[in-house]
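Trainee: Below are the sequence and a predicted model; questions follow.
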Amino acid sequence: MQTLEPRKKAIVDFFLKKGLLVNSELLDYLEDEANFDSFVKTIEGAGASTEMEGIAVLSGNISPLILDPKENALNWVEIERLRAKSEKKGITGSSLHNQILPENGNGRSSKEKNNNFGSGVKVIFSYDKVPKKREASDFVLYFNNRYYSIEKILKHRQEMQNNLSISRIASKKDREQVSIIGMVKEKQYTKNGNCMLSVEDMTGEINVLVNKNKPELFDKAKNVVLDEVLGVAGVNGSGIIFASNIIQPDIPITEDTKKCNDESYALFLSDIHVGSNNFLKEDFNNFLKWINCDFGSKTQRDVASKVKYIFIIGDLVDGCGVYPGQEKELEIKDIKDQYKACAELLSKIPKSIPLIISPGNHDAMRLAEPQLPIYKDFGEPLYSLPNAMMVSNPSIVNIHSSADFEGFNVLVYHGYSFDYYISEVESIRNNGGYDRIDLLMKFLLQKRHLAPSYTSTPYVPDINQDCLVVDKIPDFFVSGHVHKAAAANYRGTTLICGSCWQGKTAYQEKVGHNPEPSRVPLVNLQTRQIKMLKFGRDA
């Protein structure tokens, strides 16, 4: 087990005092003392430090620009303007670099993972850092990182153009209009039924009162959860802000939904639970026959022949020891044998179709997120599949790219945090709960985080990035976990939740959860239309 080396820790602390965070790639570069001195001189020279105040995180998107020989000609304000524009258009770090330095010929750009599967599939992000010992300071850096990442998004919102740090609110007059960006530390309701939020930033904390007599705003406050980062506009009082608006980072509205020119399909499986005595093998075999064009009508078989991508979003096997008494519900009691049986089933899918596979909470690995790709020592049979691409949870995968089409970015997240928000958020719980998982997925996109509350999921406090922040706007946000299929659209992003291949368990019976198994969301990438295929007996 290892901790952060003293040299790297000193570098992180140096930039943290300047309100900046560095990614791991840049951190490795700065370990060299000469590189560090040159870099510091660059960001502090010619007024650059003032203009860089809003940059917050020095990541792969911005580090090549700073390290470029033409750095003295850079317009930092223009970089931030283009970054805001790129958020809506999905421009990558290297493309942003080219926009700012179009004549740059040194070949330097953001590092991309070289793990393409044939053509048209590329992993944009998959967590692969080696596990190591964590310290209390790592948690501080982790939450600071989250704050800066989402603050950066909020600063581009019109309502937040004149935001102040909380420490400066005290200098403002009573009844003066103010706006802040902060992380929610506490939420409670007063005797009069108003909502009181305690919000903090790097300079201090302040109370925000949301009056129950403002119904629309009060509903927004009801949806606020602990540890999320949001904006508040309102009137200054004595040590309190009377809110007139709550601003979420949210994803921007996209005018045109991205579509490709050819008729191609992607489908989404999840929660197969091989090894369970409730695994619906007959239904899954029907799916395998269909994907091989041996099942269904002529039209259905024709669609099957045009499936180009299959995502498997966690819980491939039922696992062992996941919950008390699970061994009574297992047909296959050895975890390696479960993965072997799963791989045998998946091997029947045509080899021309890539399988993008991410883990879930039943798979043989750590529960804390981000989860690494399924451990090879347990899931080796999956790695032997020639068309399998193993990614982390969460991950971002680009599909169907070509010379004249940038492809679709797919945000993959199994959904272990979902149970918490279905229970805790009134607007989701009272409007369908598990039956309306699309409401929850929309909710998380509005927060720009897959698990904003500290207790909603176990997590790894990475000091360089919060991998659960939704910093890239996805074309598709896909999940599983709840054993019910769903599909919807939100601001140009398609929301898809996979079904399951497991019948109702004793635990689900006990808690009144009714799964809808053997359903497969299928997307036409040319039209973005979604069909729900049913392979169960009730189809």
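Mentor: On my side now, so go ahead.

Trainee: remind me which residues of the chain are low pLDDT?
Mentor: 1-5, 17-25, 42-119, 538-539 (pLDDT under 70).

Trainee: Got the domain ranges for it?
Mentor: 6-112, 158-247, 265-534 (automatic domain parsing).

Trainee: Most tightly packed of those?
Mentor: Comparing the domains of the chain by mean neighbour count (mean count of other C-beta atoms under 10 Å), domain 265-534 ranks first with a mean of 20. (Glycine included, C-beta is placed from N, CA and C.)

Trainee: Now do that one: distance from first to last residue.
Mentor: Using C-alpha to C-alpha, to the nearest Å, the end-to-end distance of domain 265-534 comes out at 16 Å.

Trainee: So for residue 254, which of the domains of the chain sits nearest?
Mentor: domain 265-534 (2.9 Å; C-beta to C-beta).

Trainee: Give me the buried stretch members for the lengthiest helix in the chain, please.
Mentor: If you go by DSSP state H, the chain has its longest helix at helix 136-154. Buried residues in helix 136-154, counting neighbours by 16 or more other C-beta atoms under 10 Å, are found at 138, 141-154.

Trainee: Quick check: which element contains the nearest residue to residue 531 once chain neighbours are set aside?
Mentor: Leaving aside its sequence neighbours, residue 531 sits nearest to residue 522 (C-beta to C-beta, 6 or more residues apart in numbering; 4.8 Å). If you go by DSSP states H and E, residue 522 is part of strand 519-524.

Trainee: In terms of secondary structure, what does that strand contact?
Mentor: On a contact count with 3 or more C-beta pairs under 8 Å, 6 or more residues apart in numbering; DSSP states H and E, strand 519-524 meets strand 265-269, strand 493-497, strand 530-534.

Trainee: can you do 6 Å?
Mentor: Packing partners of strand 519-524 (3 or more C-beta pairs under 6 Å, 6 or more residues apart in numbering; DSSP states H and E): strand 265-269, strand 530-534.

Trainee: Distance from it to the middle of the chain?
Mentor: Chain-centre distance of strand 519-524: 21 Å, with C-alpha atoms, centre = their mean, to the nearest Å.

Trainee: Taking strand 493-497 as reference, get the angle to it.
Mentor: 160 degrees (axes from the mean of the first three to the mean of the last three C-alpha atoms, to 10 degrees).

Trainee: Walk me through which strands strand 519-524 pairs with, and which way each runs.
Mentor: Paired neighbours of strand 519-524 in the sheet (DSSP bridges): strand 265-269 (antiparallel), strand 530-534 (antiparallel).

Trainee: Can you lay out those strands as a markdown table showing distance to residue 26?
Mentor: Output for the strands paired with strand 519-524, formatted as a markdown table (distance: least, C-beta to C-beta, whole Å):
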| stretch | distance to residue 26 |
| --- | --- |
| strand 265-269 | 34 |
| strand 530-534 | 40 |
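
Trainee: For residue 478, find the nearest of the ones you listed.
Mentor: Among the strands paired with strand 519-524, if distance is taken as C-beta to C-beta, the winner is strand 265-269, at 5.3 Å.

Trainee: Which elements pack onto the longest strand along the chain?
Mentor: What stands out as the longest strand in the chain, according to DSSP state E, is strand 177-189. The elements that strand 177-189 packs onto, with contact taken as 3+ C-beta pairs under 6 Å, 6+ apart, are helix 136-154, strand 195-201, strand 229-236.

Trainee: No further queries at this time; thank you.
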